[in-house]
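Trainee: model this:
(chains A and B)
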Amino acid sequence: GALVYQYPRRTICKSGTSMRMECQAVGFQATSVAWYRQSPQKTFELIALSTVNSAIKYEQNFTQEKFPISHPNLSFSSMTVLNAYLEDRGLYLCGADWGGETLYFGSGTRLTVL
Amino acid sequence: QQQVRQSSQSLTVWEGETAILNCSYENSAFDYFPWYQQFPGEGPALLIAIRSVSDKKEDGRFTIFFNKREKNLSLHIKDSQPGDSATYFCAAINNYAQGLTFGLGTRVSVFP
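Mentor: Next comes the predicted model:
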């Protein structure tokens, strides 16, 4: 079955510092990777969508300067949260698919900012 | 404006009952509707999905009923078990380039 691994599972960083999270697709080639943030209130915000052979598309309120994403091959993606502050806390989810509409999510990286 | 709306924030059922979760959407162009199940501390897991050309999709104890004209759908969980206690998200997509749009979730509690 399709598996998406995210690591670390949880991380704590000081306000103003940065942290990097990684996402690995196992058992399939991820032609698209979507990064979401789930707030403490459980709402999902799409940060950016990365499709192979296309530029990474960021949603409104999210920028490459704040959330740089790397998608170097069909099984790996990483995202960094630069200069993290309290409003950046939440569960960051990586969803991957292999060409259909269905996204398979990892367990997420929970970011706490002190 | 919430493009995908789930009518209940929470739902409580007894073990063995059928839990019914309702979802409606605004965008007529949405044509694929996955439901995700999320346990505390975990990411959302794909449970079952339906395309807009169908009006019903069944997978074990889980069934989606879809009404394109009314722009709504429902997830039925038959013979609910305590292990089904989780938050369920209705989602929709029309063009993969735009990503999935999620509802706010319905937290289901199944009591023995």
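
Trainee: Do you have the strands of chain B handy? List them.
Mentor: B:4-6, B:10-14, B:19-25, B:32-38, B:45-51, B:56-59, B:62-67, B:72-77, B:86-92, B:101-102, B:106-111 (DSSP state E).

Trainee: ignore the last one, chain A
Mentor: Using DSSP E, strands in chain A cover A:3-7, A:10-13, A:19-26, A:32-38, A:44-51, A:57-58, A:69-73, A:76-81, A:90-97, A:104-105, A:109-113.

Trainee: So for B:Asn94, which of those sits nearest?
Mentor: strand A:44-51 (13.8 Å; CB to CB). Using the backbone N, CA and C atoms, a C-beta is placed for each residue, glycine as well.

Trainee: Please name the nearest non-neighbouring residue to residue 8.
Mentor: Using chain A here. Sequence neighbours aside, A:Thr109 is the residue nearest to A:Pro8 in space, at 5.9 Å (criterion: CB to CB, 6 or more residues apart in numbering or on different chains).

Trainee: wrong one, I was asking about chain B
Mentor: B:Thr106 (5.0 Å).

Trainee: Let me know the pLDDT of B:Asn94.
Mentor: For B:Asn94, the model assigns a pLDDT of 80.

Trainee: What sits closest to A:Pro40 if chain neighbours are left out?
Mentor: A:Gly90 (6.5 Å).

Trainee: Identify the bridge partners of the one you found.
Mentor: Listed by DSSP bridges, the beta-bridge partners for A:Gly90 are A:Leu111.

Trainee: what comes up buried for stretch A:71-81?
Mentor: Neighbour-count burial for stretch A:71-81, counted by 16 or more other CB atoms under 10 Å in any protein chain shown, picks out A:71, A:74-75, A:77-79, A:81.

Trainee: Ends of that stretch, what's the gap?
Mentor: 15 Å (CA to CA, to the nearest Å).

Trainee: can you give me the mean pLDDT across that stretch?
Mentor: Mean predicted confidence for stretch A:71-81 is 91.

Trainee: contacting residues around that stretch?
Mentor: A:18-26, A:29-31, A:33, A:35, A:47-48, A:50, A:52, A:56, A:66-70, A:88, A:92, A:94, A:96, A:111 (CB atoms under 8 Å, 6 or more residues apart in numbering or on different chains).

Trainee: Partner strands of the helix or strand of chain B with the lowest mean pLDDT and their direction?
Mentor: Counting by mean pLDDT, DSSP states H and E, chain B has its least confident helix or strand at strand B:101-102, which shows a mean of 92. Partners of strand B:101-102 in the sheet, by DSSP bridges, are strand B:86-92 (antiparallel).

Trainee: still on that earlier bit, what's the closest of the strands of chain B to A:Ser39?
Mentor: Short answer: strand B:101-102, nearest of those by CB to CB, at 11.4 Å.
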